[in-house]
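Trainee: Structure here, sequence nowhere to be found:
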């Protein structure tokens, strides 16, 4: 059964309303809800006094309408009495201020007392619901990713470092603490990178990022241990936050889960976006599929305008449906919308759900109902289908953290740059996997590794051997710059990738905001692109020059090279630049590598494939506001409309087609 | 006698200078000064040692030149010895930092020790000056409006909440603390909304704003109690800050005062303004008249460029005079300029007065003298005249605070929006009162209630019955959204105003910065206006559609409606927009409601009326830099120039006419 | 011997590498290195345990290649063990936060324990190296200029004030603490100007700036006392930071040094600059020459892109050489580049040196080598030459601090304004000295004193007598506004300079951002310039009007005046304005005063002279990217190219000529 659901907070509403909610849900095709992930204060109103009665009743009402539940371990927001127990459990912010009560995730995740209370409530819930027929699984906590700089975390960090490095000599050497006389002679001297410490040692900062990720992963593990032991029949998942969140290494966080879920808000929240970027959502989906190499769920799919004290744009008619099928196209095997009904109270008063505050079904409910009906019909034909891109992008959290620590340039955002590479392929309907640094790349024809700034020897070897064995590898400026201690390597750049690239960075230049350098491509067709932010001046060895700079003192020098390496080839893009640069390189490289789009389609129409064995599912998604026509490459069954289709197919504005081959 | 004065600080200058000051004042027509509101350190140099001798001498010198005084209770800036007594009396800022010594209002107003010292100095002054012939009244403190987040304030806030809600159950229900498990099980758990707490629960935040206002009002009351008891022959006032200040509910602060005064700086201070907005000053005056429904004073009328570490623009020739008559036109029955002579020392070194630092009479003194001479002649004919606008705007502090807590949109400022409604009428020379939510509205033909976001049942009933009884009511988007606990109502919007509006908000949309939607008016003449920031999509019930959207997915749907309700009519403006939108609606509505301008006048000429019984005073104020001609509607006496005038009347640049009917 | 060197950190690199480094240095002509100024942790790894062996070995390796060393007293970055000893030695930031470990200059300079440790390591180094043949001198600490707001500093500040003022009465009078009742009745009440205190009393703020400067100077003196005593054969210098740094009064800091050195980064660091401003570097050089009226060194001349977490632009080919000769032209008698090789670790990982991280000689090394070769040939002919400008600019740190405290206008930066005056002359190749307020000005024909806001009687007398004795003096708006207590004077402006200026400021006006007023010059040729930010409306007494305002209410009133005074003349520029205004006035005034350029040269070509007795050295520096031709005024020896030259001389892009007269 395709799981179709909403995030539901019965505790926010009068019990008399529950049956109405359940009926409306059922009518919309809802068969699952997420419950209780913020209900600690109602489940344990006072220390050690548990109250599951209300939740049992809610499950009963829902069950009577055929709706089952995923329960959240409710530690992401602790009741006042918990925080009152442990005044030193309030987390410390980068500024050095201790957080005060009033929001969520007020707590430090290393605090023993807090963790103990978290385990107790988790155990109590697990005990109570292990055999409940209305419960099918668990979500750990909520959107992990907290960072804390408190003295207890500092001590934990020092322990973590002791385990990582063994000796202070090793740590001092790795971090190069001789610089500015920071040589530590006792573990207790090592600080956390508070803002009051100024721009920190990059090695320390990267290790603190790793430590923070590990703290989140370990906190989750405590809950997982309890749930696995007590509720062997239930699945365990967590709601991650797609591509953009980067506090936690999601590969690590995902490992012990049965599958991951994520929270997708294409219309944004703090900075309302007039336009939705379908590639950004697609990158989120691909990342979530990639962290476990398997289908995933949406645990919070946007169903209304986001908002706290500021509000965001409301989803346009058809967008919920379009986003739903986009998610499924990229691998979503479960779809839960946030939230059922907009809360009348609290910080998220304006984080809108399917229903507005008044609770009456309107436009967005009607759209939900339409989708629910469709998925009831066709959901089983989509479940478990495989995604099989021929290309992949490498995702390296060490590299992301190191970019956050040293952005190089006020105008350069690594995540934006990463997205622009993804977009260059996505716009051509070339599917991409998101792969871990140590992933087996042999199934891909083409791999893009944008600015893998921190590069371990293993990761370098993985990339090099991918090319050696016939793969086409795209590297860029600022690759192989750092070792795992975030120290600059002792080699000409791109360091360990130099031989594969067949070119050396002779020197590099930063381009201030507003300054760009035209590139001249040695390609049959004329192409226009510019270097911005950064320019590697390349000395090609075995590599051929693909583009040169047409300005600055390095005019005429190589900017982009391609090197035959082993059975494959390595493209080195020495200039950072905007979308046009990535577009030119992606287009050319995909052709060279023989990577094909899912389907040739007009701009704004996304075409994605999934596979049941040899049978292809083809999703066509019109993100635009005008109708479009797509020419099919064969005969398909139209799962939504019914019947067989071939040739030119019409897509209405925001329209969707789900086709099954043959 | 029309009171004409300056804020004077004899303690800043050598005693030998005082007679010169007094003579220059007398020559300029000064008959009153404000004294001593920052002189605590000179009045009580050490704890319990009082020194009034110098002030007595100053009063003697002034008295010899026919000048009387208003004394300030000097608690707005405490001497170092006071703050040294009570290290915990330093107020805590929203960031959680405790203020340190060095400015003014360093203190927390709930601190018992501080309050005790404030009462002691007030009592001592009152005892000393109760029968002094040179003293006519008192100003409490200075520009009330401080906020403090210290632990003592937190405890006071908890007490205040206990009194307001009675039980934690009631509080938890009102605030909806079940959201994010914030259910308080002890009063001591309740925080103040520090920035370190993140975006707070809206109910808590609104109650903290109310509490803060009450703290200021209670602090003032302690001084008033002493003064009323000891100095029954003196008036008591306070210098408020017009429309823009909003920490304190001015209706509450004004209640125990004999009259209010305010501090008016049309040329601004931190952000120097190249242009003065006469409507902004007029709104300040109207607000000050409105808080007690009676004439008011100016206690600090700008007489030089403002400035601390940054400076502002100096008043142009004629502006002091123009602003003076504008104030009187709107109800000022006393006029005190800030300050006599610019201080050579201290933070406000560049807050310029009538005289520059060197103390020699120049341009601004000459202008003061001109005004002084005029008011000596005609002041008695202006005193006590009534303002009788036919229209009013509702001013609701709960609503303002709630907008501050949840601004919705980075580009939307509630106070700017409010001002733009005021301006729409002001530009047409239609006078407006500013009315409290519970005010008797029956004397008005037209009431504008812009975005009354927090709406009590009483306020709703007041508005509805105004329309029912024949009034014309303008409502806007975001009205009736919240109950008094700052929770979103459980009704379709505009909530309790829905029936009167005859239309329902079917859904709403936020428009990101830079995005606007044209509106199409169903009016005889063509009008152009756009929705910005916000768009309610209206489902008209009994209401008629006045304008529709011409863009977005709600193109063609109703944006503005008008509903016949009882004997009156309700206009609902579902879109937020810039000045043009308010202009169109104001113009149309004023015509419908039969509200007339004071006089038809060219743009930039303000016409305002006041009344002595049936005799009209007509003020004509040319805010522009070019001469203007105004055609009178009858025969008037020209009070300033003398003689009778009728027909076309010339106004020089920045020129003023004060006319008396008949 | 001309000293040519690099900043070298052997402790950052394997000892095996040292001989390679030394050889490469020797080949490039290096004969001096700066060492150890951040090596405390290697020199005293644990309290009281000293290790000089490694440094001895490094000196040996260097010595074997003919390279001597300047050693730094390493107190600018303390090892963790030092800071662990004294938790209260961490400095307190203006926000009130205590700094935490992680950068450099973590410490408070008044902390007795820290200072003791600083003296111990300095004494130990001095003892060890007093007779070492490889050591020629010392650098104290590094780039002095730290500010601390800790309680210990507050107590020191109170002591400092007690010494300055003698009594609280005197202090209260000077600061005018009667304003806002800040009258201090105990020294302990006096705060430091923390941000939590709000905008402070200007007198207090200026004294705190003076105190901070004195703290830095006193900290340095402790090291100097030890070095003078122990190493009488060594010189002592410090690396200052040119014109822009302003925490420390450099005249005071320079006094006890043998000569000053400075750190020059024309390509900037945090905000990468697409264009280099040669005038800004020239002002830096002139300031450094001025603080002791003698030649100076470069201790850190830029040799690669700067950068911490952000990076800057890399020096263009030829720029290192161009900047080197520019420095020498302005008086540099020693040239040390920062740094030899770019660090692989630490906060300054991207502060690039001559060699990149990989250590291989590339473009920038080649350029260094070229310069090294040249200076080996011609250096001795440059050493000790005198600079003899006919014009000077006054540099008054009190005034700079007071401008920092009260910038007047968000858009106005005093240092930018100062630079624009320098630039007006520099662009005309008119050399300028930078002179102390009390300097003997009699050797100059022309002195510019831009906005000497804080003016002591002695300084006023110095300026007035300069004019009286025949000098041409340029004064500007905001001169003579303040006395030494930062109080506004009790006189019409420009206060003590009024009689010399022959004009009085009748009133003044601030011009908001974007508002400017055209000026009308009464000069034979047409000139265009505008007032921005500020306009003094002048009442000329004995002075003649040179320009009037052509806008605002003071249209037609005097803006610029010139007054014959004694044997000289005083120009008063009452308007602040951009470069064009300073250009017009500088051009006209230089002509009047008979001040001649070093040579007439095309724009972008800098011409500077130095003198050996009556023999002139002429430096021609082409800062542009195009070749230029300069017509010589006589016959010269071309020191770099060899041979004699006259007439038209070609300068390649970034090209340099060093010519010797005759």
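Mentor: That came in fine, so what should we check first? What you see is a predicted model, and the numbers here were worked out from it, not measured in a lab. Numbering: from 1, shown residues only, chains lettered A, B, ... in the order given.

Trainee: Every contact and neighbour count from this point should use C-alpha atoms.
Mentor: Noted.

Trainee: Now do stretch A:623-634, average pLDDT.
Mentor: Averaged across stretch A:623-634, the pLDDT comes to 97.

Trainee: Give me the buried positions along it.
Mentor: Of all the residues in stretch A:623-634, those buried under the rule 16 or more other C-alpha atoms under 10 Å in any protein chain shown are A:623-624, A:628, A:630, A:632.

Trainee: Next: stretch A:376-392.
Mentor: The neighbour-count check on stretch A:376-392 (16+ other C-alpha under 10 Å) flags A:376, A:379, A:382-387, A:389-392 as buried.

Trainee: same deal with stretch A:106-122?
Mentor: For stretch A:106-122, burial by neighbour count (16+ other C-alpha under 10 Å) applies to A:106-111, A:113-115, A:117-122.

Trainee: Could you give the separation of that stretch from the chain centroid?
Mentor: On the basis of C-alpha atoms, centre = their mean, to the nearest Å, stretch A:106-122 is displaced by 26 Å from the centre of the chain it belongs to.

Trainee: From the rest of the structure, what touches it?
Mentor: Stretch A:106-122 is contacted from outside by A:40, A:44, A:73-75, A:77-78, A:82-83, A:86, A:89-92, A:99-100, A:146-148, A:150, A:152-153, A:156, A:215-216, A:219, A:222-223, A:226-227, using C-alpha atoms under 8 Å, 6 or more residues apart in numbering or on different chains.

Trainee: Among those residues, which ones lie close to chain B?
Mentor: Contacts with chain B are made by A:40, A:77-78, A:99-100 out of the contacts of stretch A:106-122, judged by C-alpha under 8 Å from any C-alpha of the partner chain.

Trainee: Could you chop chain A up by domain?
Mentor: Listed by automatic domain parsing, the domain ranges of chain A are A:3-80+A:135-143+A:234-381, A:391-593, A:605-661.

Trainee: now for the buried residues of stretch A:623-634, which pair is the farthest apart?
Mentor: A:624 and A:632 (18.9 Å; C-alpha to C-alpha).

Trainee: need the residues of the stretch 101-250 of chain A near chain C, please.
Mentor: Within reach of chain C by C-alpha under 8 Å from any C-alpha, the stretch 101-250 of chain A has these residues: A:175-185, A:189, A:191, A:193-194, A:196-203.

Trainee: mind listing which of those are in helices?
Mentor: Taking DSSP state H, the ones among those that sit in helices are A:175, A:202-203.

Trainee: circling back: could I get the domains of chain A as CSV with distance to residue B:237?
Mentor: CSV is the format used below for the domains of chain A (distance: least, C-alpha to C-alpha, whole Å):
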stretch, distance to residue B:237
domain A:3-80+A:135-143+A:234-381, 37
domain A:391-593, 53
domain A:605-661, 62
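
Trainee: picking that back up, just the buried ones out of the ones next to chain B among the contacts of stretch A:106-122, please.
Mentor: Buried positions within these, assessed by neighbour count (16+ other C-alpha under 10 Å), are A:40, A:77-78, A:99-100.

Trainee: Let me have these in CSV, adding secondary structure and pLDDT as columns.
Mentor: CSV is the format used below for those (DSSP: H, G, I helix; E, B strand; the rest coil; pLDDT from 0 to 100):
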residue, secondary structure, pLDDT
A:40, helix, 98
A:77, coil, 97
A:78, coil, 97
A:99, coil, 97
A:100, coil, 97
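
Trainee: Also within reach of chain C: list those from those.
Mentor: Counting by C-alpha under 8 Å from any C-alpha, no member of these is near chain C.

Trainee: Apart from its neighbours in sequence, what residue is nearest residue A:204?
Mentor: Distances taken as C-alpha to C-alpha, 6 or more residues apart in numbering or on different chains place residue A:175 nearest to residue A:204, at 6.7 Å, with adjacent residues excluded.

Trainee: How about residue A:440?
Mentor: residue A:462 (8.0 Å).

Trainee: what comes up buried for the strand or helix carrying that neighbour?
Mentor: Element membership for residue A:462, per DSSP states H and E: helix A:457-468. Within helix A:457-468, the residues that count as buried by 16+ other C-alpha under 10 Å are A:459-460, A:462-468.

Trainee: Can you name the residues in contact with that helix?
Mentor: Residues outside helix A:457-468 that contact it (C-alpha under 8 Å, 6+ apart): A:437-438, A:440-442, A:472-473, A:480, A:496-497, A:500, A:565-570.

Trainee: related to what we said a few turns ago, may I see the ones in helices among the residues of the stretch 101-250 of chain A next to chain C arranged in a markdown table, with pLDDT as well?
Mentor: Shown next, in a markdown table, are those (pLDDT from 0 to 100):
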| residue | pLDDT |
| --- | --- |
| A:175 | 98 |
| A:202 | 98 |
| A:203 | 98 |
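
Trainee: Just the buried ones from those?
Mentor: A:175, A:202-203.

Trainee: any chance of the residues you listed in CSV, plus distance to residue C:62?
Mentor: CSV is the format used below for those (distance: C-alpha to C-alpha, whole Å):
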residue, distance to residue C:62
A:175, 27
A:202, 30
A:203, 30
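
Trainee: out of these, who's nearest chain B?
Mentor: Closest approach to chain B among those (C-alpha to the nearest C-alpha): residue A:202, at 27.3 Å.

Trainee: Residue A:96 reaches residue A:197, doesn't it?
Mentor: No - using C-alpha atoms under 8 Å as the test, residue A:96 is too far from residue A:197 to be in contact (9.9 Å).

Trainee: How about the residues of the stretch 501-650 of chain A by chain C?
Mentor: A:506, A:508-512, A:515, A:553.

Trainee: sorry, back to before: now flag whichever of the buried residues of stretch A:623-634 is closest to chain B.
Mentor: Among the buried residues of stretch A:623-634, residue A:624 lies closest to chain B (C-alpha to the nearest C-alpha), at 13.3 Å.

Trainee: does the closest one sit in a helix, a strand or a coil?
Mentor: coil (DSSP: H, G, I helix; E, B strand; the rest coil).

Trainee: List the residues that contact it.
Mentor: Shown in contact with residue A:624 (C-alpha under 8 Å, 6+ apart): A:604-605, A:653-654.

Trainee: Tabulate those in TSV, adding columns for secondary structure and neighbour count.
Mentor: Below are these laid out as TSV (DSSP: H, G, I helix; E, B strand; the rest coil; neighbours: other C-alpha atoms under 10 Å in any protein chain shown):
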residue	secondary structure	neighbour count
A:604	coil	17
A:605	strand	27
A:653	coil	18
A:654	coil	23
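
Trainee: Now do the contacts for residue A:255.
Mentor: Residue A:255 makes contacts with residue A:292, as judged by C-alpha under 8 Å, 6+ apart.

Trainee: Could you measure from it over to residue A:236?
Mentor: Plainly put, residue A:255 is 11 Å away from residue A:236 if you go by C-alpha to C-alpha, to the nearest Å.

Trainee: Please identify every residue contacting each of the two.
Mentor: With contacts taken as C-alpha under 8 Å, 6+ apart, residue A:255 and residue A:236 have no neighbour in common.

Trainee: Please flag which of the residues of the stretch 501-650 of chain A next to chain C sit within strands.
Mentor: Of those, the ones assigned to strands by DSSP state E are A:506, A:508-510.

Trainee: Which parts of the stretch 351-500 of chain A are strands?
Mentor: Shown for the stretch 351-500 of chain A, the strands assigned by DSSP state E, counting those that start in this stretch span residues A:391-394, A:432-435, A:446-449, A:472-476.

Trainee: Of those, give the one that comes closest to chain C.
Mentor: Between chain C and the strands of the stretch 351-500 of chain A, the shortest separation by C-alpha to the nearest C-alpha is 18.1 Å, and it involves strand A:472-476.

Trainee: re earlier: would you show me how to pick out the buried ones of the ones in strands among the residues of the stretch 501-650 of chain A next to chain C in PyMOL?
Mentor: Of these, the buried ones go into a single PyMOL selection, burial set by 16+ other C-alpha under 10 Å:
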select buried, chain A and resi 508+509+510
